[in-house]
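**Q** Below is the sequence, then the predicted model.
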Amino acid sequence: MAADSEPESEVFEITDFTTASEWERFISKIEEVLNDWKLIGNSLGKPLEKGVFTSGTWEEKSDEISFADFKFSVTHHYLVQDSTDKEGKDEVLEDVIPQSMQDLLCMNNDFPPRAHCLVRWYGLREFVVIAPAANHDAVLSESKCNLLLSSVSIALGNTGCQVPLFVQIHHKWRRMYVGECQGHGVRTDFEMVHLRKVPNQYTHLSGLLDIFKSKIGCPLTPLPPVSIAIRLTYVLQDWQQYFWPQQPPDIDALVGGEVGGLEFGKLPFGACEDPISELHLATTWPHLTEGIIVDNDVYSDLDPIQAPHWSVRVRKADNPQCLLGDFVTEFFKICRRKESTDEILGRSTFEEEGREIADITHALSKLTEPAPVPIHKLSVSNMVHTAKKKIRKHRGVEESPLNNDVLNTILLFLFPDAASEKPLDGSSAVDNNNPLSESEEYNLYNQFKSAPSDSLTYKLALCLCMINFYHGGLKGVAHLWQEFVLEMRFRWENNFLIPGLASGPPDLRCCLLHQKLQMLNCCIERKKARDEGRKTNTSDMFPGDVGKAGDQLGPDNLKDTDKEKGEVGKSWDSWSDSEEEFFECLSDTEELKGNGQESGKKGGPKETASLKPEGRLHQHGKLTLLHNGEPLYIPVTQEPAPMTEDLLEEQSEVLAKLGTSAEGAHLRARMQSACLLSDMESFKAANPGCFLEDFVRWYSPRDYIEEEVIDEKGNMVLKGELSARMKIPSNMWVEAWETAKPIPARRQRRLFDDTREAEKVLHYLAVQKPADLARHLLPCVIHAAVLKVKEEENLENISSVKKIIKQIITHSSKVLHFPNPEDKKLEEIIHQITNVEAIIARARSLKAKFGTEKCEQEEEKEDLEKFVSCLLEQPEVLVVGAGRGHAGKIIHKLFVNAQRLTESSDEAAAMAPPEEELKRVSSPEERRQNSVSDFPPPAGRELILRTTVPRPAPYSRALPQRMYSVLTKEDFRLAGAFSSDTSFF
């Protein structure tokens, strides 16, 4: 048994050599990927059209495979083409060489301006690349390269794939590829040489032809002709003979105030440096055959002027410094500063609390004075008088961030009414502020939540930008803002309306700062109307003369005292001129207590019918009071209090905090019905003896329902009653009506306390840090920048820029319409604006260089403008007429001038008049003598050599052979595709 068991134990030690190795698994994975992508078999596409490599759509698919633990990425690059009917062709076209081999001979797409390097070197429309997955990995050893190439060859043979398969070797920056393509009985090997220094014999055509012929090793004695395509690229870097058209802003003129205040409303625009760094001229000979031209180390026929094809591309300067972009970026940087205005300027401007309180008291006391002190003329000097006095206390005039000239210029720009010879009556402040029409500009400020482009807020944003960029940076911004706040207080105290703001309540579509200024203007209007009303009453009005004039007087300023002056019916002058008889309303709670029993359930008591009517505006048509038949009068009412968005938000928060309880709901309704109560009191005063039904008929006609009924006598009459919602128990309307007293609007507690609201706004402005200010005004600055870009684009008419501007507007409206946008998103918007500015600057630079404005013939001018616009939008532009066309002559002249400047020590010669220069280069004899010096040595030499020969034997099939060569200052590359017959060799 022991003897039998020994052989059995040996069976388990047998090694199975059929197990797949790592290499076999790798090949299997390649085959699997090729099968998944359906790259099996021969699929012939349409012949390639001219320029399709650049204009067509390229797509790619990627997958990852590994050889042991070394990862490779497999990428399939292909040109998207219309699908062709492949069925039935595979069998018939079995003997046809693969599509990629045919593409090697195609001449329609030599030297594509923008394509994958393998497309440029081999003219392929489809290929697969296997490369190390990690950027730092590389296949360096020769044995590994050969192993990968063998894997590729086996995978292609096993699958029948006819798409070229490349392997990237060496470091990725070298762009070294080896590859293979297999068909039925044919194979193409893709090989490459990459050197840093080129041997002298390979710098010209004759040496490269020798390499090509020796490589294909054609056994035929009369060698088939070799087709040659040559491209020489010349680089123009010296633009010294053409001044960059962008003029820098005249800072001295701005500081001196010589250019006038309007200069502060303009944004700078353009690049500070030439945004076009180089011009590349490619001279191409697309179809040459061996023997037609001579190009060796002694002599060359390749004269760029004689080249049949010229094409030009421009190299753009990387991130050129642009004025508008810098302008907005510098302003945006303020948003990140933490300092307050006081910290920046040294000491608090508003530290004199006693003085401030005195000023406020003085402002309040003016309401009871017979007439304010008249100011016949506003000027910049008296506008900022208070500000300057305060500043001088803390620092000398010479230490101020802004000098007086600049400050006066800005203030005149912001407040043009200050220069007016006429007394300010308020009308001129709002003359030019009619509501904007539904124009594009209107939509823009609405979308950006900025401010109208003719508003004070918008101008202030531009001035702060200008100050930040040119006149003292952050300190200058703080100084101007301090002056602005003091100017606001000056205007409030002296009843001068703020110019550049639309009348009416704050526009919630604008930025919060604009709303605050509009709120302050509303306060000034109310205060001014009240003061003027007092003057009018003392001179013109008689006791008891009430009505519409009462509305013009506005709500009066009330003081909180404990006395109740209940003498209803007094005229304005009888109670407003004396502090002893100053009318005081009760507080809300006192009114409710005191009036709960006074009024009847639905109407006023009988005694109120004997009261004298007050505060009538005009009669309401033919309506009469239901119970006494008197005409129904519309009363003078208080206007509702204007609100800014932050006040609305506060109010909504307070109302929300009241909760959903019955008490909270009742209190919420009470708070919201202040305006209703005021209107009811005005109505009662204007219509003594009225009832709630009378008020509802005027205030809410839908809540008074009339029906035709038949009375006792059989006549058809109208009978009315309140709606169902008005009859609900504890209805807020009924409660308010019962508590309302017959008090005209002018004697009620003000719904809108303009003094308190104005002080709140002034305090809000005073405590704003420069960072807060910049955040408020950034939408206005972006709005101005977009308008500036649109204005400049209209002059150049660049279609691609129009699309980008629309994208900027769409993006900005999404970002700016919400509070506190992210810094990153704001930076993106500014970056987009800078990019557009750079594109427009490039267009102007090219127009200046090509002299489009100097063309006398309209046709030539149109051609040049089209050529320039194509240079901006396309990677490479064909020059019509090559060196003999109008654009070609200009380009030739540019190179000649640059060469003369380089070679000649006499720079004056380079500045010859353009007309004489053009004549000189147009002369054939002169050109021949100077052709060598007209152009610098070519920066790049590209050659494509093609032929079709049998290989490797004379009886083999004739197959395409191709070699691409590129020689630049840095390196030399040969990329060869050599086909051979694998059936007959």
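**A** It's in.

**Q** quick check, W121 in a helix?
**A** Yes. Assessed with DSSP: H, G, I helix; E, B strand; the rest coil, W121 lies in a helix.

**Q** show me the contacts for the closest residue in space to it that isn't next to it in sequence.
**A** Of all residues not flanking W121 in the chain, A975 sits nearest, at 4.0 Å (C-beta to C-beta, 6 or more residues apart in numbering). Any C-beta I mention is one placed from the backbone N, CA and C, and that applies to glycine too. Taking C-beta atoms under 8 Å, 6 or more residues apart in numbering, we find A975 in contact with W121, Y122, F190, E191, M192, M963, Y964, S965.

**Q** one more time with 7 Å
**A** W121, Y122, M192, Y964 (C-beta atoms under 7 Å, 6 or more residues apart in numbering).

**Q** Report pLDDT for the residue nearest to the spatial centre of the chain.
**A** By C-alpha atoms, centre = their mean, the chain has its centre lying nearest to I808, at 3.3 Å. On pLDDT, I808 comes in at 89.

**Q** For beta bridges, what are the partners of the residue nearest to W121?
**A** On the basis of DSSP bridges, A975 is bridged to M192, Y964.

**Q** Relative to M488, how far out is it?
**A** 73 Å (C-beta to C-beta, to the nearest Å).

**Q** What of P320?
**A** 40 Å.

**Q** circling back: check for me that the residue nearest to the centre of the chain belongs to a helix.
**A** Yes. Assignment of I808 by three-state DSSP places it within a helix.

**Q** Not counting its neighbours along the chain, what's nearest it?
**A** Closest to I808 by C-beta to C-beta, 6+ apart is Q832, at 4.9 Å.

**Q** coming back round to it: quick one: which of the contacts of A975 is nearest to A771?
**A** Nearest to A771 among the contacts of A975 is W121, at 55.2 Å by C-beta to C-beta.

**Q** tell me the pLDDT at that closest one?
**A** The model's pLDDT for W121 equals 95.

**Q** what does the one 10 residues further on give?
**A** For A131, the pLDDT comes out at 94.

**Q** and it, which of the three is it?
**A** The three-state label given to A131 by three-state DSSP is strand.

**Q** ok, it to V74 distance?
**A** On the measure of C-beta to C-beta, A131 and V74 end up 8 Å apart.

**Q** next one: P875
**A** Taken as C-beta to C-beta, the span from P875 to V74 is 28 Å.

**Q** Settle it for me: which of these two has more neighbours?
**A** Each of P875 and V74 has its neighbours counted (other C-beta atoms under 10 Å); V74 has more, 20 against 13.

**Q** how about low-confidence regions in the stretch 251-400 of the chain?
**A** For the stretch 251-400 of the chain, applying pLDDT under 70 flags the ranges 251-265, 347-399.

**Q** all helices for it, in order.
**A** Along the stretch 251-400 of the chain, the stretches classed as helices by DSSP state H, counting those that start in this stretch are 251-256, 323-334, 341-345, 353-365, 380-383, 385-394.

**Q** Please apply the same query to the stretch 801-950 of the chain.
**A** Under DSSP H, counting those that start in this stretch, the stretch 801-950 of the chain gives helices at 823-850, 858-873, 886-903, 907-910, 914-922, 924-934.

**Q** again with the stretch 551-700 of the chain
**A** 572-576, 588-595, 645-657, 662-672, 674-686, 692-699.

**Q** mean pLDDT lowest for which of those?
**A** Among the helices of the stretch 551-700 of the chain, helix 572-576 scores lowest, at a mean of 32.

**Q** Now do the contacts for P304.
**A** The neighbourhood of P304, defined by C-beta under 7 Å, 6+ apart, consists of L232, Y234, T283, G883, F935.

**Q** if you set the cut-off to 10 Å instead, what comes out?
**A** 232-234, 281-284, 310, 882-883, 892, 895, 931, 934-935, 938 (C-beta atoms under 10 Å, 6 or more residues apart in numbering).

**Q** Please apply the same query to S21.
**A** I27, A68.

**Q** Help me confirm that S73 is found in a helix?
**A** No. S73: not assigned to a helix; according to three-state DSSP it is strand.

**Q** Ramachandran angles for the residue lying closest to it once chain neighbours are set aside?
**A** Sequence neighbours aside, A133 is the residue nearest to S73 in space, at 4.6 Å (criterion: C-beta to C-beta, 6+ apart). Here the main-chain torsion angles of A133 (degrees, to the nearest 10) amount to phi -70, psi -40.

**Q** Count the neighbours of the residue nearest to I808 for me.
**A** 19.

**Q** And it, what's its pLDDT?
**A** For Q832, the predicted pLDDT is 91.

**Q** Was I right to think it contacts V801?
**A** No. Taking contacts as C-beta atoms under 10 Å, Q832 lies outside contact range of V801: 11.2 Å.

**Q** Does E24 belong to a helix, a strand or coil?
**A** Following three-state DSSP, we place E24 in the helix state.

**Q** contacting residues around it?
**A** Contacts of E24 by C-beta under 10 Å, 6+ apart are S151, I154.

**Q** Look at the residue nearest to S73 and say how many residues are nearby.
**A** Neighbours of A133 (other C-beta under 10 Å): 14.

**Q** Quick one: low-confidence residue ranges for the stretch 801-950 of the chain.
**A** Checking the stretch 801-950 of the chain against pLDDT under 70 turns up 903-933.

**Q** picking that back up, quick check: the residue nearest to S73 vs E64, distance?
**A** 6 Å.

**Q** same question, L412
**A** For L412, the distance to E64 - C-beta to C-beta - is 69 Å.

**Q** Just want to know which of those two has more residues nearby.
**A** Shown here are L412 and E64; by other C-beta under 10 Å, L412 has more neighbours (20 against 11).

**Q** what secondary structure does that one sit in?
**A** Criterion first, three-state DSSP; result for L412: helix.

**Q** for K528, same thing?
**A** helix.

**Q** Show me this structure divided up by domain.
**A** The chain breaks down into these domains under the TED database: 22-42+51-82+96-218+951-981, 616-743.

**Q** Go through these and pick out the most buried.
**A** Greatest average neighbour count among the domains of the chain goes to domain 22-42+51-82+96-218+951-981 (a mean of 18), per mean count of other C-beta atoms under 10 Å.

**Q** how long is that one from one end to the other?
**A** Criterion C-alpha to C-alpha, to the nearest Å; first-to-last residue distance in domain 22-42+51-82+96-218+951-981 is 31 Å.

**Q** oh, and call the first residue 35 from now on, that's how I've got it
**A** With 35 as the first residue, the last one maps to domain 56-76+85-116+130-252+985-1015.

**Q** Quick one: distance of that domain to the chain centre.
**A** Counting by C-alpha atoms, centre = their mean, to the nearest Å, domain 56-76+85-116+130-252+985-1015 is centred 43 Å from the centre of its parent chain.

**Q** which stretch in the domains of the chain is the model least sure about?
**A** domain 650-777 (a mean of 79).

**Q** my guess is A800 meets K550, correct?
**A** No. With contact defined as C-beta under 10 Å, A800 does not reach K550; the gap is 11.5 Å.

**Q** could you point out the longest strand in this structure?
**A** For the chain, the strand that runs over the most residues, judged by DSSP state E, is strand 310-323.

**Q** For that one, buried residues please.
**A** Applying a neighbour-count criterion of 16 or more other C-beta atoms under 10 Å, one finds I310, L313, H314, L315, A316, T317, T318, W319, P320, L322 buried in strand 310-323.

**Q** And these, which is closest to V260?
**A** L322 (9.3 Å).

**Q** how near is the closest one to R154?
**A** L322 is 19 Å from R154, by C-beta to C-beta.

**Q** show me where the stretch 235-384 of the chain has strands.
**A** Ranges of strands within the stretch 235-384 of the chain are 261-270, 310-323, 343-350, based on DSSP state E, counting those that start in this stretch.
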